[in-house]
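1. Show me the folded form of this:
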Amino acid sequence: PTSQTSQPSSRGRPTHEQPLSQPGNATSVTCGVLPVVFGQPKSVIALSCPTPGEVVVRVDFASYGAPGGSCTTGFDANKSCDAPLSRLVAEVACLGLSSCSIQVGEQVVAKRFGPDPCPGVPKRVAIVVTCGLPVGPTLLADFGREFQGGVVLNASGVGGQRVRVTAGELQRPLHTPGEPEALVSNAWGGSFVFTLRDGPQSIAQHNYMLFRYVSLTFLDGPPPEDLRLGAWGVAYEWVEADTAFNSSNAVLNHVWTLCADTLRYGVVDTFTDANNRERRPYEADGLIAGGARTLVQRDVLWARHSYSWVLEFPTWPIEWQQQSVLLAWADYWATGSPDLAAAYFDTLLNNTMAGYRDDTGVIGPIPVVQRMGPNGNHIVGWDPAPNASQFAQTEHQTPCNAYGLRGLQLLGQLARAMGRPSAASATERLATELEAAILGGMWDSGAGRFCDGLCAEVGHNKSVYSDMTPLFLGLVPTAARKAVWEAVAAHGLEDLGAYGAFLYLQALATWPAEVTDDGTAVLDALTKCDNTSWCAEWTLWNATMTMEAFPVDVVDLTSFAHLWGTSAISGVVEGLLGVRATSPVFATFTVQPRIGRLQEISVRVPTLHGFIEVTAKPGQLEVGVPCNTRATACVQAVAAEEPSVNLLVDGVQVAAIATPTHLCTAEPIGCGPGGARRVITRHLVPLSR
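-> Below is the predicted model:
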């Protein structure tokens, strides 16, 4: 360690003049100045060291106020107009980094620099830094998985020694010769400077960060010999025994773990899609993450809390507000109680947007007041959103109308569950009218597909969005479901994004009776490893939480720890294993697996009645049925042509219903003796000769 001295600065406050680099290592000076212009809320002052491998080793001058001078002549602080936090802000933002930026727009200067030092006076930000090679090393820590929390540094320090701490989701490889061996991306983590005191100490950072990796750059010398880096974490309660999954496919097992860990370590009190990113829950997060978490955790009140929150504080997308009805339905299906829907019935009815039908009979256009501000609009797909060649944007959109219709249909059922038959009849009447208008103007009967909007308005343009959204929501006419399903399956996950992946898997999981696919379409979507896949999230980025978007190779435009990337959970449970409730709280349910080329797959699904345990193999199914529930169990067909097949439950022949793909129990079954699993098998009976 070098010696340390203190002396008065030009502002009359002490400052450490300890060298931050070895003599001769400080090689260049970088300067930046930017006026603070009110009306430009996102102005940024950026600095960058010109020599590869160098970092900012000293802040020579920093002032938010009315400093005199220029980058050429140097600066002098204006004692009557100089924010006292200026140097600290610059040091925290820049020390130890090869480049740094500070937002100086009108919306952030008060938060960063403190109170206005001279109200009414035109102000600017001026910063001068010195770049050089750091004296100490850069160390890298890997906590093994991503989580939310903060770092704790324990060491016997030397007073004034500074450590640049960078925490983030990614470890990036070396790009520039001379830079540290590994860099940490802190897009949604954090970067800050700890200044050590003399003697033993523990410094804890108390901001929520989402991170896995931490780099420590010692600016003034070698690290203390007793250095220890720890962390604290926070997450909503998780019960390990509530969920279990395994299959014969290693990639599928990894996809499940990736999604389940996101729902475990990325959750606090709501289904906010990354707590330091979005900072509030959105309705679509509930549709995807809320639904997924109820398939892995028995707790239903966590989702209810979030559902009620977004009903009180809706977000801006039109389709997101429409989805709130599906959230109320999910709550009723999970709890058996319609009281959430009863509390918000009028809000839910408004959120269907059925009140905005025009003379075409369908929904649209939506006034700005309903869009929650001038930026509110439709979301058909997200990150990537469809361009004009992929979806024809109009004021009368098929996905929007599909959500509106499904919302009315569900509200009718909820009203009956509440004991409000008049409200149910009125809502169902609206649904019938809207459905007739949708099928009359948006359904192309000749093509057997929906147009993106009113066919006459969009020139009969069609897209995967107008296939999979109505298919998922049950709007496609029965005779066309097989063809629409096959069109969706053929498209694949490409160019759909994380939200589109949810719609895609949900559409495939409807499994129209005429579809003979053995589950390969869903299995391929879940286990492929190209740039539009869950697999690529860990093969490219070593991720332990799901990303915000597909394609995953565009990592600079996305981030991890996003709950709405967990739709693979429902894709497995509903798409591959065919576990679906047929009445609230899984009082009755079906198990109708389509496992493709898998040799075995098993899952535990928690419900308020108990745990549903399922293991599926070719030609055999084991189901743990909670003893106060009933299940319709189906064994998947093994061969296209079989002489004769009987269905056995625990070795005893039972009445069965045959379909092109399954043999199902004609009567629902309960639990076995003492709660034992039921074993359902196909028994081949050879033809007599």
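2. Look through this protein and tell me its longest strand.
-> In the chain, taking DSSP state E as the definition, the longest strand is strand 138-157.
3. following that one, which helix or strand shows up next?
-> Going down the chain from strand 138-157, the next helix or strand is strand 162-168, by DSSP states H and E.
4. Tell me which other helices or strands that following strand touches.
-> Judged by 3 or more C-beta pairs under 8 Å, 6 or more residues apart in numbering; DSSP states H and E, the packing partners of strand 162-168 are strand 138-157, strand 183-185, strand 190-195, strand 209-218. In short, each C-beta sits where N, CA and C put it, glycine included.
5. before we move on, the earlier item: could you give the angle of the longest strand of the chain to strand 190-195?
-> Angle, strand 138-157 to strand 190-195, by axes from the mean of the first three to the mean of the last three C-alpha atoms, to 10 degrees: 40 degrees.
6. quick one, strand 138-157 and strand 209-218 angle?
-> Using the same axes, to 10 degrees: strand 138-157 against strand 209-218 is 80 degrees.
7. If you count contacts, what does strand 138-157 end up packed against?
-> strand 162-168, strand 199-204, strand 209-218, strand 228-233, helix 250-265.
8. how about CSV for those, with mean neighbour count and distance to C664 added?
-> Putting those into CSV (neighbours: other C-beta atoms under 10 Å; distance: least, C-beta to C-beta, whole Å) gives the following:
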stretch, mean neighbour count, distance to C664
strand 162-168, 24, 50
strand 199-204, 12, 57
strand 209-218, 23, 44
strand 228-233, 13, 45
helix 250-265, 21, 25
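9. and the helices and strands packed on strand 162-168, which is most packed in?
-> strand 209-218 (a mean of 23; mean count of other C-beta atoms under 10 Å).
10. partner strands of that one, parallel or antiparallel?
-> Here strand 209-218 has these sheet partners by DSSP bridges: strand 138-157 (antiparallel), strand 162-168 (antiparallel).
11. Of all these, which one is nearest C400?
-> strand 138-157 (34.2 Å; C-beta to C-beta).
12. If you average pLDDT over each of the helices and strands packed on strand 162-168, which is lowest?
-> In terms of average pLDDT, strand 183-185 trails the rest of the helices and strands packed on strand 162-168, at a mean of 72.
13. ranges for the strands of the stretch 451-600 of the chain?
-> Assigned by DSSP state E, counting those that start in this stretch, the stretch 451-600 of the chain shows strands spanning 579-581, 588-591.
14. Name the stretch among these that sits most buried.
-> Mean neighbour counts for these (mean count of other C-beta under 10 Å) peak at strand 588-591, with a mean of 20.
15. Just give the strands next to whatever helix or strand comes next after it in its sheet, each with its orientation.
-> As assigned by DSSP H and E, the chain's next helix or strand after strand 588-591 is strand 601-607. Partners of strand 601-607 in the sheet, by DSSP bridges, are strand 244-247 (antiparallel), strand 610-617 (antiparallel).
16. in the shortest one, what counts as buried?
-> It refers to strand 244-247. Residues of strand 244-247 classed as buried by neighbour count (16 or more other C-beta atoms under 10 Å): F245, S247.
17. What about V55, how many residues nearby?
-> Close neighbours of V55, defined as other C-beta atoms under 10 Å, add up to 26.
18. so it bridges to which residues?
-> On the basis of DSSP bridges, V55 is bridged to G132.
19. now swap in R228 and tell me
-> Residues in a beta bridge with R228, per DSSP bridges, are N154.
20. Same question for D142.
-> D142 forms beta bridges with Y213, as assigned by DSSP bridges.
21. D60 reaches L95, doesn't it?
-> No - shown here, D60 and L95 do not form a contact pair, counting by C-beta atoms under 8 Å, at 11.9 Å.
22. Between these two, which has more neighbouring residues?
-> Set D60 next to L95 and count neighbours by other C-beta under 10 Å: L95 wins out with 25 against 15.
23. quick one: contacts for the more buried one?
-> Residues near L95 by C-beta atoms under 8 Å, 6 or more residues apart in numbering: L20, V55, V56, V57, R58, V59, R162, R164, V193, L219.
24. and it, how far is that from V151?
-> Noted for L95: a distance of 17 Å to V151, by C-beta to C-beta, to the nearest Å.
25. still on that earlier bit, can you add distance to L405 and give the strands paired with strand 601-607 back as TSV?
-> Converted to TSV, the strands paired with strand 601-607 look like this (distance: least, C-beta to C-beta, whole Å):
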stretch	distance to L405
strand 244-247	34
strand 610-617	31
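26. And the ones you listed: which comes nearest L505?
-> Using C-beta to C-beta, the nearest of the strands paired with strand 601-607 to L505 is strand 244-247, at 16.0 Å.
27. Quick one: residues in contact with the closest one.
-> For strand 244-247, the external contacting residues (C-beta under 8 Å, 6+ apart) are N253, W256, A260, V572, L598, E600, I601, S602, V603, R604.
28. In ChimeraX, how would I select just the buried ones from those?
-> To isolate the buried members of these in ChimeraX, using 16+ other C-beta under 10 Å:
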select :256,260,572,598,601,602,603,604
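29. Low-confidence ranges, the chain, go.
-> Along the chain, the model assigns pLDDT under 70 to residues 1-27, 37-42, 105-110, 172-183, 186-187, 368-376, 553-558, 639-643, 685-689.
30. T347 is nearest to which of the helices and strands packed on strand 162-168?
-> Nearest of those to T347, taken as C-beta to C-beta: strand 138-157 at 31.1 Å.
31. how far is that closest one from where the chain is centred?
-> 24 Å (C-alpha atoms, centre = their mean, to the nearest Å).
32. re earlier: now the strands of the stretch 451-600 of the chain in TSV, with distance to V458?
-> TSV is the format used below for the strands of the stretch 451-600 of the chain (distance: least, C-beta to C-beta, whole Å):
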stretch	distance to V458
strand 579-581	34
strand 588-591	37
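33. Who are the packing partners of whichever helix or strand T130 is part of?
-> Using DSSP H and E, T130 falls within strand 124-132. Contacts defined by 3+ C-beta pairs under 8 Å, 6+ apart place strand 124-132 against strand 26-35, strand 44-48, strand 55-65, strand 74-76, helix 86-94.
34. hang on, the earlier thing: between the longest strand of the chain and helix 250-265, what angle do the directions make?
-> Strand 138-157 runs at 30 degrees relative to helix 250-265, counting by the same axes, to 10 degrees.
35. how much does strand 138-157 deviate in direction from strand 228-233?
-> Angle of strand 138-157 versus strand 228-233, following the same axes, to 10 degrees, is 100 degrees.
36. what angle separates strand 138-157 from strand 55-65?
-> Per the same axes, to 10 degrees, the angle that strand 138-157 makes with strand 55-65 is 70 degrees.
37. Now do strand 138-157 against strand 199-204, angle only.
-> Per the same axes, to 10 degrees, the angle that strand 138-157 makes with strand 199-204 is 130 degrees.
38. L471 and V654: what is the separation?
-> Here L471 is placed at a distance of 33 Å from V654 (C-beta to C-beta).
39. and G286, which of the helices and strands packed on strand 124-132 is closest to it?
-> Closest to G286 of those is strand 44-48 (C-beta to C-beta; 34.0 Å).
40. Now the closest one - C-alpha only, CSV.
-> Taking Å, rounded to 0.1, in the frame of the first residue of the first chain, the C-alpha atoms of strand 44-48 are listed here in CSV:
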residue,chain,number,x,y,z
VAL,A,44,-26.0,11.3,-20.5
ILE,A,45,-22.3,12.3,-20.0
ALA,A,46,-20.0,9.6,-21.1
LEU,A,47,-16.3,9.1,-20.5
SER,A,48,-14.0,6.4,-22.0
